[in-house]
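Trainee: no sequence for this one, just the structure:
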């Protein structure tokens, strides 16, 4: 048995009941259940619809996300999350680069790396090199003035943790940022790269080994083994090419507002919803959300 979930942007909820019923009827689904009025609904189906991606594409034009997944085991016991453009709305290195006066150059490299056009380690090394000489105090300034949380993050963490799930933040960014975001949102642990500092200034180097795609996969394997969890019990979320390994390995790999080349390789794609979409696809109703 499978479950089909339709959802939309919670800031402008516009999920039409007639649309839900029409799709349910077309797919011979069971009774529709509204997880949140005008925002998210689901219904069971006996098999994976053969025209899923054609319907998905049509719904995208209406501002509606569609996810079809096995019903059994969809509530996960672990969350493994990327940080930049996933749990926060920015790319930290781009914000630091703006402060260093090399914003445009670094943003171009970041975009190409996240799209899978450049080697992640090489791209990170090049970008960090452009930050050489930047005062370490700028990190605090960027955190205070430039970094904003992705909508729905507090609810996602609070709700999953209240249900007993473990949460890990694993980023190709920097520990100076992951530590703050992890403490703010309630992650159980965080892993990231470390910017090298000398005499109060960034040296333009990052400590090795560099945490990239393989390290995110290793984090999923190590943490799930430590917690005695199967990979199927893990939900991973990210947006860039260096997230693909963990998204493919997790029981539910969510491409959140991801680069097109990344989303195309994932079965769960959220383009309109926020992080609460990760709760809806696990079957939580809005009334069950914690941290609201």
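Mentor: Yep, it's here. Since the model is a prediction, treat every value here as computed from it, not as a measurement. Numbers count the residues shown, from 1 in each chain.
Trainee: show me where the chain has its strands.
Mentor: Secondary structure of the chain (DSSP state E): strands at 2-8, 33-36, 40-45, 64-70, 78-81, 166-174, 189-193, 195-198, 201-206, 234-238, 252-256, 268-270.
Trainee: can you say which of the ones you listed is packed in most?
Mentor: Comparing these by mean neighbour count (mean count of other CB atoms under 10 Å), strand 234-238 ranks first with a mean of 29. For glycine as for every other residue, the C-beta is placed from the backbone atoms N, C-alpha and C.
Trainee: the helices in the stretch 1-150 of the chain, which residues?
Mentor: 17-26, 52-60, 92-100, 103-114, 120-129, 137-145 (DSSP state H, counting those that start in this stretch).
Trainee: residues near residue 133, how many?
Mentor: By other CB atoms under 10 Å, 10 other residues sit near residue 133.
Trainee: list the contacts for it?
Mentor: Neighbour list for residue 133: 100, 201-202, 204 [criterion: CB atoms under 8 Å, 6 or more residues apart in numbering].
Trainee: follow-up on the earlier one: among the helices of the stretch 1-150 of the chain, which comes closest to residue 163?
Mentor: helix 17-26 (25.8 Å; CB to CB).
Trainee: which parts of the closest one are buried?
Mentor: 20, 23-24 (16 or more other CB atoms under 10 Å).
Trainee: tell me how far the nearest residue to residue 191 once chain neighbours are set aside lies from residue 120.
Mentor: Spatially, and ignoring its direct neighbours in sequence, residue 191 is nearest to residue 170 (4.9 Å; CB to CB, 6 or more residues apart in numbering). Residue 170 sits 13 Å away from residue 120, going by CB to CB, to the nearest Å.
Trainee: before we move on, back to that, tell me the most buried of the helices of the stretch 1-150 of the chain?
Mentor: helix 92-100 (a mean of 22).
Trainee: for that one, packing partners?
Mentor: Helix 92-100 is packed against helix 103-114, helix 120-129, helix 137-145, strand 166-174, with contacts defined by 3 or more CB pairs under 8 Å, 6 or more residues apart in numbering; DSSP states H and E.
Trainee: what about 7 Å?
Mentor: Using 3 or more CB pairs under 7 Å, 6 or more residues apart in numbering; DSSP states H and E, the elements in contact with helix 92-100 are helix 103-114, helix 137-145, strand 166-174.
Trainee: between those, which gets nearest to residue 9?
Mentor: That would be helix 103-114 among these, by CB to CB, at 22.2 Å.
Trainee: show me what the closest one is packed against.
Mentor: Using 3+ CB pairs under 7 Å, 6+ apart: helix 103-114 touches helix 92-100, helix 120-129.
Trainee: perfect, I'm done here.
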